[in-house]
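> Let's see this in three dimensions:
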Amino acid sequence: MTQIRLTQYAHGGGCACKIPPGELETVVAGLVGTEVPQGPGELLVGLDDGDDAAVVRISGGTAIVATADFFTPVVDDPYTWGRIAAANALSDVYAMGGTPVVAVNLLGWPREKLPMELAAEVLRGGLDVAREAGCHVAGGHSVDDPEPKYGMAVTGIADPERLMRNDAGRPGIPLTLTKPLGVGVLNSRHKSTGEVFPQAVDAMTRLNRDAAEAALKAGVTCATDVTGFGLLGHLHKLARASGVTARIDAAAVPYLDGARQALADGYVSGGTRRNLDWVRPHADTGGRAEDELLLLADAQTSGGLLVAGEVPGHPVIGELLPRRDGVTVEVR
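Predicted structure coming up:
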């Protein structure tokens, strides 16, 4: 079993296998602004601005944060994949300013192709990261699937008066990134060659809990996490929702060791190219080289937080500006 390469059983890897953002927005367009059902709680965050999780205010000044995230293998080791997928799913709650409370597993497994012992290792990895987060794991759902897939549906709680959301950005606020970019191109290289990149694994398995707590302490009200749509894609969504233009200082963006070499060697996912194609009509790229733009659009898996505000210990990579007609993102 140690010689089985999980990434070879999937057409894509990690968050790069997401449905392209432009196509997804078309699919869900008819679900936005629909009639509010009668029932308990008040929906504070839904589909309207493409936030990381749904938020419902309930009694007692508490909000429920709900999300689900799963994907195909991004690494070959099953335990590591489980850890990455769990950290990625938990991140959506942190990105809203919440605390994860309980998660359920989501597992798709080609049971006639891959040993169930490997599935057990995937689940063990997810459980260990959830325990690190102080989040219960209670069951889940599984299906016999042609491709292996794993993730979690996570429920958390938050203070409804202290949420971090996509639409709260204002001109004059700096932008902070809490993890370096580059896991997308490194994961593509891993899938192709089998090379292992500990720096990418360390980044993907690191919880966004501490960064979220620091952001809340600093009074931040606007944030998102950087995952499958890349830095440019998530920045475009944040700026569009907030009615601002976001300027990025390309030289200030941190990258993992080996990311630029992986790009130069051609390890770019289709998801990354689709991200750039989606954002380009709304971007002023300032004549930046295509390779630089592809890195900024690199499809991340379990990436860091993109915060409208300063977070101690993390680099400021740009700022929010008054809205320019037709431009949500500037690259300088």
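> and N208, what does it touch?
If a contact means Cβ atoms under 8 Å, 6 or more residues apart in numbering, then N208 has 87, 90-91, 94-95, 178-179, 225, 304-305 as its contacts. For the C-beta atoms, the positions are set from N, CA and C on the backbone; glycine is no exception.
> Which residue comes closest to it once chain neighbours are left out?
Y94 (4.3 Å; Cβ to Cβ, 6 or more residues apart in numbering).
> Was I right to think S242 contacts R165?
No: counting by Cβ atoms under 8 Å, S242 sits too far from R165 to count as a contact (9.2 Å).
> Now list whatever residues contact both of these two.
Common contact partners of S242 and R165 (Cβ under 8 Å, 6+ apart): C222.
> Contacts for the lowest-mean-pLDDT helix or strand in the chain, please.
Lowest by mean pLDDT, DSSP states H and E among the helices and strands of the chain is helix 21-28, with a mean of 73. With contacts defined as Cβ under 8 Å, 6+ apart, helix 21-28 is touched by 18-19, 47, 50, 229, 233, 237, 274-275, 278.
> Could you export stretch 99-116 as PDB, keeping only the C-alpha atoms?
The C-alpha coordinates for stretch 99-116 follow below in PDB (Å, rounded to 0.1, in the frame of the first residue of the first chain):
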ATOM      1  CA  THR A  99     -14.800  28.600  16.000                       C
ATOM      2  CA  PRO A 100     -15.300  25.100  14.700                       C
ATOM      3  CA  VAL A 101     -17.500  23.000  16.900                       C
ATOM      4  CA  VAL A 102     -18.400  19.700  15.100                       C
ATOM      5  CA  ALA A 103     -17.500  18.200  11.800                       C
ATOM      6  CA  VAL A 104     -18.800  15.200   9.800                       C
ATOM      7  CA  ASN A 105     -16.700  13.300   7.200                       C
ATOM      8  CA  LEU A 106     -17.400  13.300   3.500                       C
ATOM      9  CA  LEU A 107     -15.800  10.400   1.700                       C
ATOM     10  CA  GLY A 108     -15.900   9.100  -1.800                       C
ATOM     11  CA  TRP A 109     -13.900   5.900  -2.400                       C
ATOM     12  CA  PRO A 110     -13.300   3.600  -5.300                       C
ATOM     13  CA  ARG A 111     -13.600   0.500  -3.100                       C
ATOM     14  CA  GLU A 112     -12.800  -2.000  -5.900                       C
ATOM     15  CA  LYS A 113      -9.600  -0.100  -6.900                       C
ATOM     16  CA  LEU A 114      -8.100   1.100  -3.600                       C
ATOM     17  CA  PRO A 115      -7.800  -0.700  -0.300                       C
ATOM     18  CA  MET A 116     -10.100   0.400   2.400                       C
END
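> Tell me how far that stretch lies from the chain's centre.
How far stretch 99-116 lies from its chain's middle: 19 Å, per Cα atoms, centre = their mean, to the nearest Å.
> Can you give me the buried ones in that stretch?
Going by neighbour count (16 or more other Cβ atoms under 10 Å), the buried part of stretch 99-116 is 99-101, 103, 105-109, 114.
> Which ones among those lie within strands?
99-101, 103, 105-109 (DSSP state E).
> tell me which of the residues you listed is nearest to H11?
G108 (13.3 Å; Cβ to Cβ).
> contacting residues around the nearest residue to that closest one once chain neighbours are set aside?
With sequence-adjacent residues excluded and distances taken as Cβ to Cβ, 6+ apart, G108 is closest to D145, at 3.1 Å. Applying Cβ under 8 Å, 6+ apart to D145 gives the contacts 108-110.
> let's see it at 10 Å
Going by Cβ atoms under 10 Å, 6 or more residues apart in numbering, D145 touches 72, 107-111.
> now the buried residues of stretch 99-116 as a markdown table including distance to I173 and pLDDT?
What follows is the buried residues of stretch 99-116, written out as a markdown table (distance: Cβ to Cβ, whole Å; pLDDT from 0 to 100):
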| residue | distance to I173 | pLDDT |
| --- | --- | --- |
| T99 | 24 | 98 |
| P100 | 27 | 98 |
| V101 | 30 | 98 |
| A103 | 32 | 98 |
| N105 | 37 | 98 |
| L106 | 35 | 98 |
| L107 | 40 | 98 |
| G108 | 40 | 97 |
| W109 | 44 | 98 |
| L114 | 47 | 97 |
